[in-house]
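Enquirer: sharing a model that was predicted from the sequence below.
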Amino acid sequence: MSSSSRSLTFHFLFAISLSGVLGCSGGGQSSPPGPPPNPVTIFTLSLPDGIQNQSYSQVLLASGGTGTLSWRVSSGSPPAGMNLSAAGVLSGTPTASGIFNFTVQVTDSSNPPQSATQPLALRIAAPLVISTTVLPAGSTSVFYNQQLAATGGTGSITWSGSPRPPGGLLLTSTGLLFGFPFLAGNQPMNVTATDAGIPQQSVTQLVQFSVAPGPVSVATTLLPSGTVNVPYNIQILAVGGQQNFTWSLQSGALPGGLEFLAPPALIIGTPSVVGSFNFTLLATDSSGASASRSFTLDILASQPRNDSIAAATPLLNGIARASISPLDNPLGTLAPDNDFYRLTAPGGAVVLVEVFPQNSAVFLDPVIEILDSSGARLSSCRAPGSSSDFTASCMNDDVEIGNLGSQLFLRVPPGPTLTFFLRVLDFRGDARPDFVYDMFVRGAN
């Protein structure tokens, strides 16, 4: 064999051997199968709430499987007006409220197909609606207490009024309108109810409200005694009628050093003589209706400290000015002091007590407490922001955030006239003669 033929034979054998190693001949081995696809998994385990008659859209989430995932409802049904698309979008406008339970299924495009199911619950809230559109009429002479109502929503409801409720009335965040209205006439107001649920709902409603003019009366029945050469400041209170009172000193005379300013029916000044002084004041409203009351004002040579129940100062319906300190307490000293005042009211009556600091140059944060004759705190009050209906403890500090005044509404237990006591103190326990405050009382004898 020639050298050229040997070379051809070698190349031919090498080619056959190489093709066998690479599996290129018809009898070679096939490629190994790839890994199996991940199982189909649904990640959406819960749904956000919706609102009846409002559009809703939520994308359901899943992963795994092969190819395109296709969704359907396998049992139960979404609310009427809603459907689940093959792409996994739950959408529509629900026409009914309630909780709707159904099961969704997602399937991939493999052969055989893989699938997964997930039970879901969808809560559809009824629309928030203020059901109170007309309130019972009030009277300028009577305590008012009425609860606003709303339906729908999914959470607690917070109330507010805009503008503020009629004069003398408060609207709590729980929807209670209460107080002593003092302006007669029709006084519609806008109230807003806000649902704390998600999605949040808020609705505003014009509520009709009217206040009838009660009979004109001078609500202040007594005057606290004054001290010679010590400033005196008392405002007389009239209620009922059409308001806009004009006042006059009908008979008698005030102590020397005091004068009667009308309006605002203020007895003010520094008494210069000791004694008892009798006079009558007349209040006339804008319609001409009037009422009068006679008073005795005692001016003393000196006053005992009213820092105990036994030495409590009688308090009046109206506005009285005082300070958390005896006047002989040197300015700049800190001496803990409690001021006690005595009030009476008939059984079942509601008494409003408010205390407000009056000297902006000093920091006075008055706290008030209502006690019985033994010094025990009463528990039939409503404090600002309280949701309890005269079952709260009778202590308050601050009408609201940023307002250093204090306020309590006390409901007197049914039965005979009750004598009770108001305690006023500074939040820190300080006492200085420039810690001046005004007390407003209504509903007492």
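Expert: Looks like it came in fine.
Enquirer: number of residues surrounding the residue nearest to Leu222 when sequence neighbours are not counted?
Expert: With C-beta to C-beta, 6 or more residues apart in numbering as the criterion, Leu222 has its nearest non-adjacent residue at 5.4 Å, and that residue is Leu316. From N, CA and C alone the C-beta is placed, and that goes for glycine too. Neighbourhood size, Leu316 [other C-beta atoms under 10 Å]: 24.
Enquirer: my read: Leu316 touches Ile234, true?
Expert: Yes: under the criterion of C-beta atoms under 8 Å, Leu316 makes contact with Ile234 at 7.3 Å.
Enquirer: for these two, list the residues in contact with both.
Expert: 223-224 (C-beta atoms under 8 Å, 6 or more residues apart in numbering).
Enquirer: most centrally placed residue in the protein?
Expert: In the chain, the residue lying closest to the centroid (C-alpha atoms, centre = their mean) is Ser173, at 2.8 Å.
Enquirer: three-state assignment of the residue lying closest to it once chain neighbours are set aside?
Expert: If the residues on either side of it in the chain are set aside, Ser173 comes closest to Thr158, at 5.1 Å by C-beta to C-beta, 6+ apart. Secondary structure state of Thr158, per DSSP: H, G, I helix; E, B strand; the rest coil, is strand.
Enquirer: how much space between the residue nearest to the centre of the chain and Pro165?
Expert: 13 Å (C-beta to C-beta, to the nearest Å).
Enquirer: what sits against the residue lying closest to Pro304 once chain neighbours are set aside?
Expert: The shortest distance from Pro304 to any non-neighbouring residue, by C-beta to C-beta, 6+ apart, is to Ala311 (5.2 Å). Applying C-beta under 8 Å, 6+ apart to Ala311 gives the contacts 304-305, 340.
Enquirer: element containing Val106, please.
Expert: strand 98-107 (DSSP states H and E).
Enquirer: by contact count, what packs against the helix or strand just after that strand?
Expert: Downstream of strand 98-107, the first helix or strand assigned by DSSP H and E is strand 115-125. For strand 115-125, the packing partners by 3 or more C-beta pairs under 8 Å, 6 or more residues apart in numbering; DSSP states H and E come out as strand 41-42, strand 50-51, strand 98-107.
Enquirer: how far does strand 115-125 sit from its chain's centre?
Expert: Mean-position distance between strand 115-125 and its chain equals 35 Å (C-alpha atoms, centre = their mean, to the nearest Å).
Enquirer: adjacent strands (with direction) for the helix or strand just after that strand?
Expert: Using DSSP H and E, the helix or strand that directly follows strand 115-125 along the chain is strand 129-130. Strand 129-130 pairs in its sheet with strand 150-151 (antiparallel), by DSSP bridges.
Enquirer: contacts for the strand it pairs with next, please.
Expert: By C-beta under 8 Å, 6+ apart, strand 150-151 touches 126, 128-132, 157, 175, 193, 203.
Enquirer: closest one of those residues to Ala80?
Expert: Ala126 (14.3 Å; C-beta to C-beta).
Enquirer: measure how buried that closest one is and give me the count.
Expert: Neighbour tally, Ala126, other C-beta under 10 Å: 16.
Enquirer: next one: Ala137
Expert: 13.
Enquirer: need the contact list for Ala149.
Expert: 130-132, 175.
Enquirer: for those, which one is nearest Ile51?
Expert: Distances from Ile51 to the contacts of Ala149, taken by C-beta to C-beta, are shortest for Ile130, at 15.7 Å.
Enquirer: what helix or strand is the residue nearest to the closest one when sequence neighbours are not counted located in?
Expert: Nearest non-adjacent residue to Ile130, counting by C-beta to C-beta, 6+ apart: Gln205, 3.8 Å away. Using DSSP H and E, Gln205 maps to strand 202-207.
Enquirer: check which element follows that strand along the chain.
Expert: strand 210-212.
Enquirer: roughly how far apart are Pro163 and Asn190?
Expert: Taking C-beta to C-beta, one finds Pro163 at 7 Å from Asn190.
Enquirer: more neighbours: which of those two?
Expert: The residue with more neighbours, out of Pro163 and Asn190, is Asn190; 12 against 7, by other C-beta under 10 Å.
Enquirer: flag every buried residue along stretch 67-76.
Expert: For stretch 67-76, a neighbour-count test (16 or more other C-beta atoms under 10 Å) marks 69-71 as buried.
Enquirer: I'd like those laid out as TSV, including secondary structure.
Expert: TSV is the format used below for the buried residues of stretch 67-76 (three-state DSSP):
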residue	secondary structure
Leu69	coil
Ser70	strand
Trp71	strand
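Enquirer: so which of those residues comes closest to Gly405?
Expert: Using C-beta to C-beta, the buried residues of stretch 67-76 come closest to Gly405 at Trp71, 60.3 Å.
Enquirer: and the residue lying closest to Val142 once chain neighbours are set aside, what does it touch?
Expert: Leaving aside its sequence neighbours, Val142 sits nearest to Gly214 (C-beta to C-beta, 6+ apart; 6.6 Å). Contacts for Gly214 (C-beta under 8 Å, 6+ apart) come out as 139-142, 239-241.
Enquirer: farthest pair within the residues you listed?
Expert: Every pair of the contacts of Gly214 checked by C-beta to C-beta; the farthest is Val142 and Gly241, at 13.5 Å.
Enquirer: more crowded one of these two?
Expert: Gly241 (25 against 16).
Enquirer: and Leu13, what's its pLDDT?
Expert: pLDDT recorded at Leu13 is 39.
Enquirer: sorry, that was for Ala322
Expert: 88.
Enquirer: now it, which residues is it bridged with?
Expert: With DSSP bridges as the rule, Ala322 is bridged to Tyr437.
Enquirer: and what of Val134?
Expert: Bridge pairing for Val134 - DSSP bridges - gives Gln208.
Enquirer: you'd agree it is up against Gln205?
Expert: No: contact criterion C-beta under 8 Å: Val134 and Gln205 do not qualify, at 10.6 Å.
Enquirer: where's the dip in pLDDT among the contacts of Gly214?
Expert: The minimum pLDDT among those falls on Ser141, with 77.
Enquirer: doesn't it belong to a strand?
Expert: No: judged by three-state DSSP, Ser141 forms no part of a strand; its state is coil.
Enquirer: quick check, Ala310 in a helix?
Expert: Yes: according to three-state DSSP, the state of Ala310 is that of a helix.
Enquirer: how close does it get to Leu249?
Expert: Using C-beta to C-beta, one obtains 35 Å as the distance from Ala310 to Leu249.
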